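Participant: Give me coordinates for this.
(one chain, ligands or ions: 1)
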Amino acid sequence: MTTFNDSTKTFARMYTYDTLQDIANYLLERTKLRPKIAIICGTGLGCLAEKLTDTDVFDYETIPNFPVSTVEGHAGRLIFGYLKGIQVMCMQGRFHYYEGYPLAKCSMPVRVMKLVGCSHLIATNAAGGLNPKFKVGDIMLMKDHINMMGFAGNSSLQGPNDERFGPRFPVMTEAYDPRLLDVAKKIGRDLGIENELHEGVYTCLGGPNFETVAEMKMMRLIGVDAIGMSTVHEIITARHCGLTCFAFSLITNLCVPDYSYKDDANHNEIVEIGRGKEPVLVELVQRLVKNIHANLK
Ligand SMILES: O=P(O)(O)O[C@H]1O[C@H](CO)[C@@H](O)[C@H]1O
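Facilitator: Here you go, the predicted model:
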């Protein structure tokens, strides 16, 4: 019988440094672009990738050893291109634990980004707003996260550690780069959206079910502001291999810890909210990319 731990270790062994280097080489041999900045598009946020110009596009199924996206709102393409003249690589569609992929597999594209030559990761997601100040359509800049799945003994870094990626015990105290957080807040003020922009703590639950009222109450008690089903393991993998990280959540629904609240979360609406916020999200990411590029060493 295959146990949870066996399959996690199997995937960790499957995505060895050499296998991931082969994937990176496959891409580098097929694009002339050498981006330093990688972007992961969350549910309904694929519009960011549509803004790239002069692109080289790789459908996930054409990349050796790459998983495929199975979720509505995640196109399943890796795109190299220019965002307002700056080279980026963009995942239009990510992998989630509830799709049946172990966390190491969900976040293995982050190591490919590193091996392609990226130094920065911008991760985006759709999330349920638990902080009562949040409204649907607001943006929460991720200041920190609580790794609930890690508490349960599940990590993208489980299994043998390859020091070429990073240390066995990586530090997570500055998982989200404080300078980029300040830059994003300034961009928010410049765009006049400071009233819709918050900072907060995100958590990733395994999904695919949304939360019970009791679970929401518990999350609020421990300091969570927004709940999703992604990003945390990507950031952990990215920090492990030395990428500078920035992430934000688009609040697509409210998590109201009250049995009388009847407006339940719904995936189709979550996708639509993301699409509706396209102009402001694209502008935020474009300005952030410009700032990162200007400060590259
Ligand atoms: O985190 P992203 O990929 O944005 O997607 C979020 O939206 C989906 C639920 O509608 C879940 O997959 C959740 O994680």
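Participant: Only C-alpha atoms from now on, for both contacts and neighbour counts.
Facilitator: Fine.
Participant: contact partners of the helix or strand where I270 lies?
Facilitator: Per DSSP states H and E, I270 falls inside helix 267-276. With contacts defined as CA atoms under 8 Å, 6 or more residues apart in numbering, helix 267-276 is touched by 43-45, 47, 73, 126, 137, 250, 252-253.
Participant: Can you name the next helix or strand after the helix or strand encompassing L115?
Facilitator: With secondary structure defined by DSSP H and E, L115 is part of helix 108-116. Note on helix 108-116: by DSSP H and E, the next helix or strand toward the C-terminus is strand 120-129.
Participant: so what secondary structure elements neighbour the helix or strand that comes right after that next one?
Facilitator: For strand 120-129, the following helix or strand on the C-terminal side (DSSP H and E) is strand 139-146. Where contact means 3 or more CA pairs under 8 Å, 6 or more residues apart in numbering; DSSP states H and E, strand 139-146 is packed against helix 178-191, strand 197-204, strand 244-254.
Participant: so how far is the helix holding I270 off the chain centroid?
Facilitator: Distance of helix 267-276 from its chain centroid, counting by CA atoms, centre = their mean, to the nearest Å, is 17 Å.
Participant: Residues of the stretch 151-297 of the chain that sit close to the ligand?
Facilitator: Within the stretch 151-297 of the chain, the positions adjacent to the ligand are 228-230, 267, 270 by CA under 6 Å from any ligand atom.
Participant: if you set the cut-off to 8 Å instead, what comes out?
Facilitator: 204, 207-208, 210, 228-231, 249, 265-268, 270-271 (CA under 8 Å from any ligand atom).
Participant: Name only those of those that count as buried.
Facilitator: Neighbour-count burial (16 or more other CA atoms under 10 Å) applied to those gives 204, 210, 228-231, 249, 265, 267, 270-271.
Participant: Could you work out the most separated pair of the residues you listed?
Facilitator: Every pair in those was compared (CA to CA); the two farthest apart turn out to be T231 and A265, at 19.1 Å.
Participant: E196 contacts I139, doesn't it?
Facilitator: Yes: contact criterion CA atoms under 8 Å: E196 and I139 qualify, at 6.2 Å.
Participant: now the longest helix belonging to the chain against strand 120-129, angle please.
Facilitator: Identified as the longest helix of the chain according to DSSP state H is helix 278-294. Helix 278-294 and strand 120-129 meet at an angle of 150 degrees, taking axes from the mean of the first three to the mean of the last three CA atoms, to 10 degrees as the criterion.
Participant: Run a quick neighbour tally on the closest residue to N253 other than its chain neighbours.
Facilitator: What sits nearest to N253 in space, not counting adjacent residues and going by CA to CA, 6 or more residues apart in numbering, is G128, at 4.9 Å. By other CA atoms under 10 Å, 26 other residues sit near G128.
Participant: for V213, same thing?
Facilitator: 16.
Participant: Quick check on it: phi, psi?
Facilitator: Backbone dihedrals for V213, given as degrees, to the nearest 10, come out at phi -60, psi -40.
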